[in-house]
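> Sequence first, then the predicted structure, then my questions.
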Amino acid sequence: MNKLFHIFCIIFFYFCAVSANATEIKEMRLATYTSDTVRFVAELSQKTEANIFRLENPSRLVVDFKDTTFSKEAQKKNLSGAGFIKSVRIGVQESGIARVVFDLPNTSLTMKNFFLKPTGPHGWRFVLDLSSSNAPSVVPVGKSDQKRSVGLQPFGSTAQKKQRVIVLDPGHGGQDPGAISRSGHYEKHITLNMARETRDILKKKGYKVVLTRDSDVFIPLRGRIKKAHEAHADLFISIHADSAKNASAKGLSVYTVSEKASDAEAAALAERENKADILLDMDLSEYEAEIGNIFIDLAKKSTMDNSARYATYVVQEMKKKVQLVPNAHRMAGFVVLKSPSIPSVLVELGYLSNKTEDRLLQQKSYRRKLAESLAKAVDTYFDNLVE
């Protein structure tokens, strides 16, 4: 009896230990990603192994998560299907495998799956993209890995990807010169040159790029937002150069929108930039309803989260090549960043009031270094974007 009890205790504590270390699927989402692609996302408590295989008669795709359970919220989730996915079923096997089964049409599909590392409010995420294609029917088998495709033909070729639209916004223009350096250089010229150089790099990468201005003209702040919406922008980048009374102030910074500024300097900068429309003595009555809705829609957390995410990637890339201000990602109430649906950032390239940075920003080689960092951050942003 004592021996049996001892064995029972060993088995009991073993399963308790396994349960304690088990990964939990906290939440699941299934939605149409593009016209021919469906995306499944599982929010995880930690990274685990995912084994993926296809079964026929009837056609199904199975994802097995090792040592994993479903949270109560995930169990209640009704994934009724999306796009060509007919239905989804979940269950936990005795071996501790959490299984997700997708009922598929009898057509050829291509697949890509990867894990996203924790970022912002998100922990580990498993992402599965299924796309209809003309490829031969395959039965993919294997473990998912970071950015590794499973199957004979990976999803995500240039032809299959949705072309992302980037709107670059060169600050100031026309009768609004922006900051003026001690050597007489105008911010409006620097920002336009920088936008053009960034555009060229992004276009070579396959992005569609729209400039809010491509000449020395004045565009009102809300007109810049309007241009971004008309272009159906996926990302909006406003380009500026700063100025300060302290001639020793220097460094690049990135701003995202917030009604509460991160510091006094950020608040003062936003106030200066937001006054640009006064130059034309504009009648802003036509915008009142729109701006009112924008303040309400600022509660759309995903847009603000994605803005912050891109700002983080910009800081990560820029700090490898140029000097940044302390706490380089800052927040303030910039009007030009208040689109409710387009992730938006404002980049201050440096201080024109600083002799060294004034000289550097006149150099095409230096601006190209900044443009390459902006473009690389764009790649990282879309590579990690879960919609």
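Cool, got the structure. Numbering: from 1, shown residues only.

> check contacts around residue 118.
Applying CB atoms under 8 Å, 6 or more residues apart in numbering to residue 118 gives the contacts residue 124. Using the backbone N, CA and C atoms, a C-beta is placed for each residue, glycine as well.

> and what of residue 23?
Residue 23 neighbours (CB under 8 Å, 6+ apart): 44, 45, 46, 47, 48, 65, 66, 67, 68, 69.

> Over to residue 305?
Residue 305 neighbours (CB under 8 Å, 6+ apart): 120, 121.

> how does it look with 6 Å?
By CB atoms under 6 Å, 6 or more residues apart in numbering, the contact set of residue 305 is residue 120.

> Count the residues that sit near residue 61.
22 (other CB atoms under 10 Å).

> what about burial for the contacts of residue 23, which qualify?
44, 47, 48, 65, 67, 68, 69 (16 or more other CB atoms under 10 Å).

> Roughly how far does the spatially closest residue to the second one that is not a sequence neighbour sit from residue 195?
Across the structure, with CB to CB, 6 or more residues apart in numbering as the measure, the residue nearest residue 47 apart from its sequence neighbours is residue 124 (4.7 Å). When CB to CB, to the nearest Å is applied, the distance between residue 124 and residue 195 equals 36 Å.

> of the two, who's got more company?
residue 195 (26 against 18).

> And that one, which helix or strand is it part of?
Element membership of residue 195, judged by DSSP states H and E, is helix 187-204.

> related to what we said a few turns ago, can you give me phi and psi for the residue nearest to residue 47?
phi -60, psi 140 (degrees, to the nearest 10).

> cool, residue 95 as well?
Per degrees, to the nearest 10, the backbone of residue 95 is at phi -80, psi 0.

> Count the residues that sit near it.
That count, for residue 95 with other CB under 10 Å as the rule, works out to 8.

> One more: residue 182?
Counted with other CB under 10 Å, residue 182 comes out at 12.

> Can you list phi and psi of it for me?
Per degrees, to the nearest 10, the backbone of residue 182 is at phi -70, psi -20.

> ok, which stretches of the stretch 151-300 of the chain are strands?
165-170, 208-211, 235-242, 252-257 (DSSP state E, counting those that start in this stretch).

> got JSON lines for these, with mean neighbour count and distance to residue 55 too?
What follows is those, written out as JSON lines (neighbours: other CB atoms under 10 Å; distance: least, CB to CB, whole Å):
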{"stretch": "strand 165-170", "mean neighbour count": "26", "distance to residue 55": "39"}
{"stretch": "strand 208-211", "mean neighbour count": "18", "distance to residue 55": "40"}
{"stretch": "strand 235-242", "mean neighbour count": "26", "distance to residue 55": "39"}
{"stretch": "strand 252-257", "mean neighbour count": "25", "distance to residue 55": "45"}
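
> Residue 73: which of the ones you listed is closest?
Closest of the strands of the stretch 151-300 of the chain to residue 73 is strand 252-257, at 29.2 Å (criterion: CB to CB).

> List the residues that contact residue 240.
Counting by CB under 6 Å, 6+ apart, residue 240 has contacts 171, 348.

> can you pull the pLDDT of it?
pLDDT recorded at residue 240 is 94.

> who does it bridge with?
residue 348 (DSSP bridges).

> Next one: it relative to residue 28, how far apart?
41 Å.

> same check, this time on residue 173
For residue 173, the distance to residue 28 (CB to CB) stands at 47 Å.

> where in this protein is pLDDT low?
1-21, 35, 133-161, 258-302, 333-338, 386-387 (pLDDT under 70).

> Could you identify the most distant pair in the contacts of residue 23?
Top of the distance list for the contacts of residue 23 (CB to CB): 47 and 69, 15.0 Å.

> Tally up the residues packed near the residue lying closest to residue 361 once chain neighbours are set aside, please.
Distances taken as CB to CB, 6+ apart put residue 190 closest to residue 361, at 5.2 Å, once the chain neighbours are dropped. Neighbours of residue 190 under the rule other CB under 10 Å: 26.

> Also residue 56?
10.

> Name the residues of stretch 241-248 that are buried.
Quick answer for stretch 241-248 (16+ other CB under 10 Å): 241, 242, 243, 244.

> ok, the second one touching residue 348?
Yes: contact criterion CB atoms under 6 Å: residue 242 and residue 348 qualify, at 4.4 Å.

> can you give me the helices for the chain?
Along the chain, the stretches classed as helices by DSSP state H are 2-21, 72-76, 187-204, 221-230, 264-274, 288-297, 301-318, 355-361, 364-383.

> Residue 371 and residue 185: what is the separation?
For residue 371, the distance to residue 185 - CB to CB - is 18 Å.

> So for those two, which sits in the more crowded spot?
Each of residue 371 and residue 185 has its neighbours counted (other CB under 10 Å); residue 371 has more, 23 against 18.

> could you measure the nearest residue to the more buried one once chain neighbours are set aside against residue 123, distance?
Leaving aside its sequence neighbours, residue 371 sits nearest to residue 198 (CB to CB, 6+ apart; 4.1 Å). Using CB to CB, residue 198 is found at 33 Å from residue 123.

> now the strands of the stretch 151-300 of the chain as a markdown table including distance to residue 99?
Converted to a markdown table, the strands of the stretch 151-300 of the chain look like this (distance: least, CB to CB, whole Å):
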| stretch | distance to residue 99 |
| --- | --- |
| strand 165-170 | 38 |
| strand 208-211 | 40 |
| strand 235-242 | 37 |
| strand 252-257 | 40 |
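
> Please identify which of those strands is closest to residue 119.
strand 252-257 (14.8 Å).
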